[in-house]
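Student: give me coordinates for this.
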Amino acid sequence: MQRPRRVTPGEVPLQDRAIENLRFIRDTMERAHAFTGVPGWGGVAMGITALVAAWIAWRQPSVDRWLLTWVAEGWLAFAIGGMAMVRKAAAGEAAPLSSRAGRRFVLAYAPPLIAGGILTAVLYQAGLTTLLPGVWLLLYGAGVVTGGALSVPVVPVMGVSFMALGVAALLAPLWGNSLMAVGFGGLHVGFGLWIARRHGG
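Tutor: As a prediction, this is how the structure comes out:
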């Protein structure tokens, strides 16, 4: 009967080396894996609520009521998107936000949105609310581009489309509400259908 080989001091046992190699391979694959949790049908729902919000906001008699309508829509869209991501992960169609890919997506996606929230308060206090549609579209698009760099290829394209509408809204502020309907409504519906068809959710 063959006796087990004695491990010399300083030598790493074969089993430990194999575990370490497997851990390295797993971490490398997880880093390289695209985050596919961007919701398709959730994006469609976000777009539909944005179209409704654009119509409601257009009918408001004051800037404050207009702003309140869009802020409420923003929180509603955030909730819809979050729930859609959770459902997509639960169905096994994507990695959860708690995964490394999900955390990296959030870290890339969130800063432009936080900047948008801060600028909303600043521009409102300064009485420059006509710039808000352009700022919102531009920074939301920037967030989608940066987060989308870690996701499927169509997501950054959607982000660039939002940014283009943001530039248009800054150049033509009187069309801001309509351009937000095109962006937050139309782009979400269109790209959401594409993502749902190609990547689920």
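Student: show me what counts as buried in the longest helix seen in the chain.
Tutor: Using DSSP state H, we find that the single longest helix of the chain is helix 63-90. Buried residues in helix 63-90, counted by 16 or more other C-beta atoms under 10 Å: 66-67, 69-70, 73-74, 76-77, 80-81, 84-86, 88-89. (C-beta placed from N, C-alpha, C; glycine too.)
Student: who are the contact partners of Gly42?
Tutor: Taking C-beta atoms under 8 Å, 6 or more residues apart in numbering as the criterion, Gly42 is in contact with 80-81, 83-85, 87-88, 192, 201.
Student: could you rerun that using 10 Å?
Tutor: Under the criterion of C-beta atoms under 10 Å, 6 or more residues apart in numbering, the contact partners of Gly42 comprise 77, 80-88, 188, 192, 195-196, 201.
Student: of the residues you listed, closest to Ile48?
Tutor: Compare each of the contacts of Gly42 with Ile48 using C-beta to C-beta and the shortest gap goes to His188, at 8.2 Å.
Student: please name the nearest non-neighbouring residue to the closest one.
Tutor: Nearest residue to His188, sequence neighbours excluded (C-beta to C-beta, 6 or more residues apart in numbering): Gly47, at 3.1 Å.
Student: now the one you found: phi and psi?
Tutor: For Gly47, the backbone dihedrals (degrees, to the nearest 10) come out as phi -70, psi -40.
Student: for it, give me its contacts.
Tutor: Contacts were defined as C-beta under 10 Å, 6+ apart; by that measure Gly47 touches 77, 80, 181, 183-193.
Student: lowest-confidence helix or strand of this protein?
Tutor: Among the helices and strands of the chain, helix 14-32 carries the lowest confidence by mean pLDDT, DSSP states H and E, at a mean of 58.
Student: residues making contact with the helix or strand encompassing Leu193?
Tutor: Remark: Leu193 resides in helix 188-199, with elements defined by DSSP states H and E. Contacts with helix 188-199, where a contact means C-beta under 10 Å, 6+ apart, come from 34, 36-51, 77, 80-81, 84, 88, 93-94, 144, 151-155, 157-159, 161-162, 201.
Student: next SSE after the longest helix of the chain?
Tutor: Elements were assigned by DSSP H and E; along the chain past helix 63-90, the next helix or strand is helix 100-125.
Student: for that next one, buried residues please.
Tutor: By neighbour count, with 16+ other C-beta under 10 Å as the criterion, the buried positions of helix 100-125 are 101-102, 104-105, 108-109, 112-113, 116, 119-120.
Student: nearest to Leu128, of these?
Tutor: For those, the minimum distance to Leu128 (C-beta to C-beta) is 9.6 Å, reached by Leu119.
Student: so who does that closest one touch?
Tutor: Taking C-beta under 10 Å, 6+ apart as the definition, contacts of Leu119 comprise 128, 131-132, 135-136, 138-139.
Student: how about a cut-off of 8 Å?
Tutor: Neighbour list for Leu119: 135, 139 [criterion: C-beta under 8 Å, 6+ apart].
Student: filter the contacts of helix 188-199 to the buried ones?
Tutor: By neighbour count, with 16+ other C-beta under 10 Å, the contacts of helix 188-199 hold 34, 36-47, 49-51, 77, 80-81, 84, 88, 94, 144, 151-152, 155, 158-159, 161-162, 201 as buried.
Student: this completes my enquiry, with thanks.
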